[in-house]
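>>> Let's see this in three dimensions:
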Amino acid sequence: MSTRPHGYARYKLDGCRCYTCGWAVAQYNDAREHALRRGTWQPYVDAAPVRAHVRALQQSGLGARRIADLARVERKTIVVLLNGRTDRSTPPPQRIRPATAAALLSVEPTLDDLGAHTPIDATGTQRRLQALVAAGWPQRRLAERLGMTAPNFGASMKRTRVTVSTVRAVNTLYDDLWRVDPREHGVTGQAYSRARNTAYRNCWAPVGAWDDDTIDDPTATADWTGRCGTPQGVGAHRRAGIPVCQPCRDARSTSRTAVTA
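Numbering: from 1, shown residues only. Okay, the predicted model is just below:
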């Protein structure tokens, strides 16, 4: 007896004629007829973008079973999408159901899903390290805590991509240190000031300029003053004695242009 759940598929593939399966088919046919009348019937979509997305997920360290679990589809669906039906000698499909495509395209790996050596975007890592330097932590101290050499640490501050293991280590370091005064942990006043001056010269945003929702987003900008991105932002920067960020420069320019127009 089939173990397939009762519904449209069991009606069509297993010949079940119970009330549940019959109701599912009736609902499907009714929805199809309405969609045909509206001109919105789309039983299949292009499989190529979905296949490319699944392969990218695999390259990031996710296996087919894990992808299937996250998308809530059968593992066989992914195998067929990538390799076709070997039992029937058919190639990978050119089209798939919209619901299957949407489910697979919705899968985005988290740090917990990725392999330690998988390279990912370094935006959040750089911002966290820069914020710690702005808080007065010397780069040498941060490198030691991460088990890095000074050259490797300096490279991590500049790379556009870093490994997942580095991201995890920096995230933990940031969580441990962002509220800690370096001078209470052996950092001299001179080293503390030197670190803060380095951050100031490089316009590295401090801890308070980021929150958990923005620090990893490459499109987000730091909010140094609470008014960043507004015409009042430049004045707020100057009163606080911190560098003027680009969003504030842009907002002031736009405001001046509007006044003179």
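>>> Could you tell me how many residues sit around the closest residue to Pro218 other than its chain neighbours?
Nearest non-adjacent residue to Pro218, counting by Cβ to Cβ, 6 or more residues apart in numbering: Thr123, 4.6 Å away. Where you see a C-beta, it was placed from the backbone N, CA and C, and this is true even at glycine. The number of residues packed near Thr123 is 17, by other Cβ atoms under 10 Å.
>>> Repeat that for Pro247.
Pro247 has 16 neighbouring residues, counting by other Cβ under 10 Å.
>>> How many neighbouring residues does Asp204 have?
You called it Asp, but residue 204 is Trp. 21.
>>> quick one, what contacts it?
Applying Cβ atoms under 8 Å, 6 or more residues apart in numbering, we find Trp204 in contact with 130-131, 133-134, 198.
>>> Quick check: the farthest pair among those residues?
Ala131 and Thr198 (12.6 Å; Cβ to Cβ).
>>> okay, the two: which has more neighbours?
Set side by side, Ala131 and Thr198 show more neighbours around Ala131, with 23 against 15, by other Cβ under 10 Å.
>>> got the contact list for the residue nearest to the more buried one when sequence neighbours are not counted?
Using Cβ to Cβ, 6+ apart and skipping residues adjacent in sequence, the residue nearest Ala131 is Val207, 4.5 Å away. Neighbour list for Val207: 131-132, 134-135, 178-179 [criterion: Cβ under 8 Å, 6+ apart].
>>> Could I get the pLDDT score of Val207?
Note on Val207: pLDDT of 90.
>>> what do you get for Ser156?
If you check Ser156, the pLDDT there is 84.
>>> From Ala135, how far off is it?
18 Å (Cβ to Cβ, to the nearest Å).
>>> rewinding a little: neighbour-wise, which one of the contacts of Val207 leads?
Counting neighbours by other Cβ under 10 Å, Leu132 leads the contacts of Val207 with 28 neighbours.
>>> who's in contact with it?
The contact partners of Leu132, by Cβ under 8 Å, 6+ apart, come to 142, 173-174, 177-178, 207.
>>> any weak-confidence spans in the stretch 1-150 of the chain?
Within the stretch 1-150 of the chain, the ranges that satisfy pLDDT under 70 run 1-4, 40-42.
>>> Just list the residues touching the residue nearest to Glu74 when sequence neighbours are not counted, thanks.
Once flanking residues are discounted, Glu74 sits nearest to Ala68: 6.3 Å by Cβ to Cβ, 6+ apart. Residues near Ala68 by Cβ under 8 Å, 6+ apart: 74-75, 77-78.
>>> So Ala68, which state does it fall into?
Under DSSP: H, G, I helix; E, B strand; the rest coil, the three-state class of Ala68 is helix.
>>> what helices or strands is the helix or strand hosting His237 leaning on?
In this assignment (DSSP states H and E), His237 forms part of helix 233-240. Applying 3 or more Cβ pairs under 8 Å, 6 or more residues apart in numbering; DSSP states H and E, one finds that helix 233-240 contacts helix 246-260.
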